[in-house]
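Trainee: How does the following fold in three dimensions:
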Amino acid sequence: MVSPALSSRTSTHHRIPESSTDAELVRRIGVGDRDAYALLYRRTHPLVFRRVLAIVRDHDYAEETCHDVYLQVWCSAAGFDEHRGSVVTWLRTLAHRKAVDRVRRERAASDRDQAWAAGDYGPPADHVAEEVLRRHEYRCVRTGLAALTPLQRESVLLAYYHDLTYPQVAEHLGVGLPAVKSRIRAGLAQLALALSAAV
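Mentor: The predicted structure follows:
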């Protein structure tokens, strides 16, 4: 894992001793030492990943959240105070916070999607009204779909019109499950706007 932020920081070109303590590595990271960062990542990633996975319970989300944790390490290493706790404790705290934040974001997004999907569309009074309503909703959905990006549109169509599960959509498109979930969530939000605007 190499954070994009690393390209803007100072790099050292000497080998960091494997015997360096975690605190020494964090101090070096604080002044932009990429070698120290890489060594700390290799040394601690399994522990951080297990901590995150225990909370988010999704392998792809855990990997993304670990990336966030180590980006935070890179950005805030200069402010680390080893007198307030060990590096491992610091990493566990970061991992816990980032994982909880991720779960809250996903839960909030899921609640919004379910609230939209559970909207009350009362039964039409007769067949003519039913057909008019069906055609109107069809036009609204087509308009909403046209406003999506091609990737969002394809993901939504596969999930909701071809009855594929999210993992099946991800496999079909050859992308990660988090990316599919994000595309579908954004696509559904756009469709909801189109439908509400047309009412």
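
Trainee: Give me the below-cutoff pLDDT ranges for the chain.
Mentor: 1-14, 110-144, 190-199 (pLDDT under 70).

Trainee: ok, longest helix in it?
Mentor: helix 87-117 (DSSP state H).

Trainee: Just give me the neighbour total for the closest residue to residue 178 other than its chain neighbours.
Mentor: Spatial nearest neighbour of residue 178, chain neighbours left out: residue 60 (4.7 Å); criterion: Cβ to Cβ, 6 or more residues apart in numbering. Using the backbone N, CA and C atoms, a C-beta is placed for each residue, glycine as well. Residue 60 sits with 16 neighbouring residues when counted by other Cβ atoms under 10 Å.

Trainee: starting at the chain centroid, how far to the helix or strand harbouring residue 60?
Mentor: In this assignment (DSSP states H and E), residue 60 forms part of helix 59-76. Between the centre of helix 59-76 and the centre of its chain there are 11 Å (Cα atoms, centre = their mean, to the nearest Å).

Trainee: buried stuff in it?
Mentor: 60-66, 68-74 (16 or more other Cβ atoms under 10 Å).

Trainee: What ranges does this protein have for its helices?
Mentor: Along the chain, counting by DSSP H, helices occupy 22-30, 34-56, 59-76, 87-117, 127-147, 150-160, 166-173, 177-198.

Trainee: got the domain boundaries for the chain?
Mentor: The chain resolves into domains spanning 16-110, 148-198 when parsed by the TED database.
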